[in-house]
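**Student:** how would this look folded up:
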Amino acid sequence: MNAPDDHLVWSLTEGSTITCRRSMVMQDGGEVAFSAGQAYRVSSMHPIADPPFVRVPDNQGHSHILTAEHLRGYFGL
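**Tutor:** This next block holds a predicted model:
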């Protein structure tokens, strides 16, 4: 377990707003899931998963699992 990663995810409760800093483009088709500069609302947080993650709806309304790695890399957290 990486405690800093866990704490990053745990800090984002359901309803938290996060702003994308770098667009996330899906590898399978090139669709932009999250756009730079746009704010997104966390729909749920899963603290006991390994690794912990949050679920966030993307530009098309599809739910995505975001780990601490995604949150740092695309949302600048």
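**Student:** alpha carbons only for contacts and neighbour counts from here, please
**Tutor:** OK.
**Student:** Tell me where the chain is predicted with low confidence.
**Tutor:** Within the chain, the ranges that satisfy pLDDT under 70 run 1-2.
**Student:** middle-most residue in it, spatially?
**Tutor:** The residue at the geometric middle of the chain, judged as the C-alpha nearest the mean C-alpha position with C-alpha atoms, centre = their mean, is residue 66 (3.6 Å).
**Student:** who does it bridge with?
**Tutor:** residue 54 (DSSP bridges).
**Student:** which ones are touching it?
**Tutor:** Taking C-alpha atoms under 8 Å, 6 or more residues apart in numbering, we find residue 66 in contact with 53, 54, 55, 56.
**Student:** any idea where the strands of this protein begin and end?
**Tutor:** In the chain, the segments counted as strands under DSSP state E are 17-19, 24-25, 32-34, 39-41, 44-46, 53-57, 63-66.
**Student:** Can you list the buried residues in the last one?
**Tutor:** With burial defined by 16 or more other C-alpha atoms under 10 Å, the residues of strand 63-66 counted as buried are 63, 64, 66.
**Student:** how close does the first one get to residue 28?
**Tutor:** Which is residue 63. Applying C-alpha to C-alpha, to the nearest Å, the value for residue 63 to residue 28 is 16 Å.
**Student:** same question, the last one
**Tutor:** As defined by C-alpha to C-alpha, residue 66 lies at a distance of 17 Å from residue 28.
**Student:** how about the residue of the chain most remote from its centre, what does it touch?
**Tutor:** The outermost residue of the chain, judged against the average C-alpha position, is residue 29 (19.7 Å), by C-alpha atoms, centre = their mean. Counting by C-alpha under 8 Å, 6+ apart, residue 29 touches no other residue.
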